[in-house]
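# here is a sequence with its predicted model. Questions after.
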Amino acid sequence: MTTTPRRIWRNRDRIEIGEAELIQHLTQCPRGSFGKIHLSNLPDWMDQDQFGTVLTLVNEKIARPGRAVWRFLHGDRRVPGSLAGSPVLDRELGGVLELADRFPFYGIRPAILA
Ligand SMILES: C[S@@+](CC[C@H](N)C(=O)[O-])C[C@H]1O[C@@H](n2cnc3c(N)ncnc32)[C@H](O)[C@@H]1O
């Protein structure tokens, strides 16, 4: 087992599984109720405007400093200009993660929200 599966196993009693439409879920999330978010490959499922709404809500709700990451096969979505500096993409870390990823076709976009 690698480190991440061990950590998940250790914390298994604290994991809550929910199912929701992401924009609806983020809209009703209290501010500061999460500090990190993994958006999977949602950019492949959403157009630029929808993904921009997701990032705007993440920016509004995440505890600082926060970290977000998403991946994509088809749609490398922009961070909306209206967010001006938060989130900031960590392109160097993205390149390292892409090289280490077991699935070699995804682009990976880690970001810091300061
Ligand atoms: C390809 S799967 C990724 C599976 C897994 N999370 C992973 O990272 O390997 C992307 C998932 O996003 C879900 N999805 C698409 N649009 C969504 C939305 N607006 N809100 C919540 N989930 C959505 C799809 O139903 C699908 O299960």
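Arrived safely.
# pLDDT below threshold where in the protein?
Applying pLDDT under 70 to the chain flags the ranges 1-2.
# for the ligand, what are the nearby residues on it?
21-22, 40-42, 45 (Cβ under 6 Å from any ligand atom). For glycine as for every other residue, the C-beta is placed from the backbone atoms N, C-alpha and C.
# those residues: which two are farthest apart?
The two members of those with the most space between them (Cβ to Cβ) are 21 and 41, at 16.0 Å.
# out of the two, which sits in the busier spot?
residue 41 (16 against 8; other Cβ atoms under 10 Å).
# which residue packs closest to the more buried one, ignoring adjacent ones?
Among residues not flanking residue 41 along the chain, residue 71 sits closest, at 4.9 Å (Cβ to Cβ, 6 or more residues apart in numbering).
# correct me if wrong, but the one you found is in a helix.
No - counting by DSSP: H, G, I helix; E, B strand; the rest coil, one finds residue 71 to be strand, located in no helix.
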